[in-house]
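S.K.: Could you work out the structure for the sequence below:
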Amino acid sequence: MTATASGVRPSGSRQLAGTGTLLRFALRRDRVMIPVWVAVNALMILSMPNTLENLYATPAERADLVRDTAANASFRALIGPVLGDSIGALTAWRVGVYAGALAAVTSLLLVVRHTRDEEESGRQELVASGMVGRRASLTAALLTAGVANAVLALLVAAGLAGRGAFGALAFGLGLAGVGMVFATLAAIVAQFTQSARLARGLTAGLLGAAFVLRAAGDSASDDGSSVLTWVSPLGWLENLRPFAGERWWVLLLFAAAASAQGAAAYALAGRRDVGMSFLPARPGPAEGRLGTAGALAWRLQRGGVLGWSIGFFLAGVVYGGLTDGVADIVGGNEKAREIFARMGGQAGLTDAFLASMIGMLGLVAALFVVASVLRLHGEETSMRAEPVLANAVGRLRWAAGHLVIAFTGSALIMLLAGLGFAAGHGKQVGPILGACLVQLPAVWVVGGLAVLLYGVLPRAAMAAWGVAGAVLLLGWVGPALDVPQAVLDLSPFGHLPKLPGGEMQWRPVLVLLGLAVVLVAAGLAGLRRRDVTT
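M.R.: Just a heads-up that it's a prediction; the model follows:
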């Protein structure tokens, strides 16, 4: 041990005391979250080779796809450059950027959950009072993210090994590398903020910046050689070139970035008190805007609503701008047209593409409504809800503030997505806005299920993420795999009319709205009758 001004500083081994116990505890807490997120990502990747083989069965068709994509800067910005015409290379191209982003999101959520979330709730102070080293919690959090990324890498490497063992290994390691870069980045951000919500938001914003840099670089170059692409960790993944002449040395970039950021996080963690941060939160007003439970809920969730709103509007602009060029990519490929028809209806190719992309944003909006509803669960389990309910605030009034934001916020982001589509496409403003808003009944059904789980079975509330993940997987992968319609109908989105281009059907829309109302009412009834977590 070495002497310090305040006493003694534990040696390195003692600062990690209890890491194994905390790791086992973290894995137990995340026994649902980690398998769901990893499974969704792995299934998205492993389902793609068969889909591509059905769509582009011959080398000539794949060569045409490579040529058309290389000439389309918008598609390169959205997905990345095509670096080979094998099924493995096309798989890495088609899902690489989004799989890497999903691995990054999983990692940052895990790290913030087991670091800043624990400090914000006060549980970390109790843990630190035992035989636990100063850096044990941070180490356990990073190891938890490492376990999730290692499992993803193993699944991808094993599942794609038949397409080329070296390419599959490179792709799996690259995805894990992206995940660990953002895990260590989240560990740094968590040292600067006192709010877990802000830590998640800032790290997600940095991920968004990485995506934008990669998109800008790929739009300017058809081989990933742009400087902007190399600045982004997502660009490193595509420049690793899985199945297209692997560049193994790119893995050193992931290792160096993760190591440097991890070292910085450890250094920062040793220079602050538990529960504090390098950027203290500004004290807020005790009355006025925060004089009601609804105002408090808005204060807690306004950052998330703003971030999702910006993201959906920009996504709408991008997808709307791609609409006119989709015919050049699909060309005369009948199987590709069939997939768009299953996702977006039997209308013309342009309307089918718009309907399918709007449907995809509707699926993502379900993630927003679940996250917003489960804010109630976070407030309760962290014991911040109890002081509020101890005042003249009833449970339903307290819950209503968060639920209004969840359900009206989902309407807002879908409306902004419609405005983005209209701005990018420049046509069919009314039909596009209607198509976006018609997604809301299905989004609200998923939100209603989250309310039901939280109100009736609070211990199983996090299973709402599993429901949202299953719905996302069915909507994203199901049509490409030619899943039977009876299975697709398990998702509320499978019953919505395919707009624009299709015929408006009010009956399923009204049924879904009624189901959402029933689910919310049942969840609130359960909340009134059960004990609040203490």
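S.K.: mind showing which ranges of the stretch 1-150 of the chain have poor pLDDT?
M.R.: 1-13, 124, 128-129, 133 (pLDDT under 70).
S.K.: I misspoke; the intended subject was the stretch 401-534 of the chain.
M.R.: Ranges of the stretch 401-534 of the chain meeting pLDDT under 70: 479-483, 534.
S.K.: show me where it has helices.
M.R.: For the stretch 401-534 of the chain, helices defined by DSSP state H, counting those that start in this stretch occupy the ranges 429-437, 440-456, 463-477, 485-488, 506-529.
S.K.: Go through those helices and pick out the most buried.
M.R.: Across these, averaging neighbours per residue (mean count of other Cβ atoms under 10 Å) puts helix 440-456 on top, at a mean of 26. (Each C-beta comes from the backbone N, C-alpha and C, glycine too.)
S.K.: Alpha carbons only: can I get it in CSV?
M.R.: Presented in CSV, the C-alpha positions along helix 440-456 are these (Å, rounded to 0.1, in the frame of the first residue of the first chain):
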residue,chain,number,x,y,z
LEU,A,440,-49.6,4.1,-33.3
PRO,A,441,-52.2,1.6,-32.2
ALA,A,442,-49.7,-1.3,-32.5
VAL,A,443,-47.0,0.8,-30.7
TRP,A,444,-49.5,1.5,-27.9
VAL,A,445,-50.4,-2.2,-27.6
VAL,A,446,-46.7,-2.9,-26.8
GLY,A,447,-46.7,0.0,-24.4
GLY,A,448,-49.9,-1.3,-22.8
LEU,A,449,-48.2,-4.7,-22.3
ALA,A,450,-45.4,-2.9,-20.5
VAL,A,451,-47.9,-1.1,-18.3
LEU,A,452,-49.6,-4.4,-17.5
LEU,A,453,-46.3,-6.1,-16.6
TYR,A,454,-45.2,-3.2,-14.4
GLY,A,455,-48.5,-2.8,-12.6
VAL,A,456,-49.3,-6.5,-12.0
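S.K.: which strands and helices sit next to that helix?
M.R.: helix 349-373, helix 395-425, helix 463-477, helix 506-529 (3 or more Cβ pairs under 8 Å, 6 or more residues apart in numbering; DSSP states H and E).
S.K.: Among the helices of the stretch 401-534 of the chain, single out whichever gets nearest to V66.
M.R.: Distance to V66, taken as Cβ to Cβ, is lowest for helix 463-477 among these, at 23.2 Å.
S.K.: now that closest one against helix 349-373, angle please.
M.R.: Helix 463-477 and helix 349-373 meet at an angle of 170 degrees, taking axes from the mean of the first three to the mean of the last three Cα atoms, to 10 degrees as the criterion.
S.K.: What helices and strands are in contact with helix 463-477?
M.R.: helix 33-46, helix 349-373, helix 440-456, helix 485-488.
S.K.: So for F421, which of those sits nearest?
M.R.: Closest approach to F421 among the helices and strands packed on helix 463-477 (Cβ to Cβ): helix 349-373, 6.9 Å.
S.K.: Other residues contacting the very next helix or strand once past the closest one?
M.R.: Next helix or strand after helix 349-373 toward the C-terminus (DSSP states H and E): helix 375-381. In this structure, residues lying in contact with helix 375-381 by Cβ atoms under 8 Å, 6 or more residues apart in numbering are 121, 297, 300-301, 385-386, 388, 399, 402-403, 406, 454, 458, 461-462, 532-533.
S.K.: swap in stretch 518-528?
M.R.: By Cβ under 8 Å, 6+ apart, stretch 518-528 touches 395-396, 399, 403, 445, 447-449, 451-457.
S.K.: likewise stretch 401-415?
M.R.: So stretch 401-415 is contacted by 292-298, 300-301, 305, 308-309, 311-312, 361-362, 365, 368-369, 372-373, 375-376, 379, 433, 436-437, 439-440, 443-444, 447, 451, 520 (Cβ under 8 Å, 6+ apart).
S.K.: just to revisit the earlier point, tabulate the helices of the stretch 401-534 of the chain in CSV, adding columns for distance to L206.
M.R.: Shown next, in CSV, are those (distance: least, Cβ to Cβ, whole Å):
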stretch, distance to L206
helix 429-437, 28
helix 440-456, 27
helix 463-477, 23
helix 485-488, 35
helix 506-529, 34
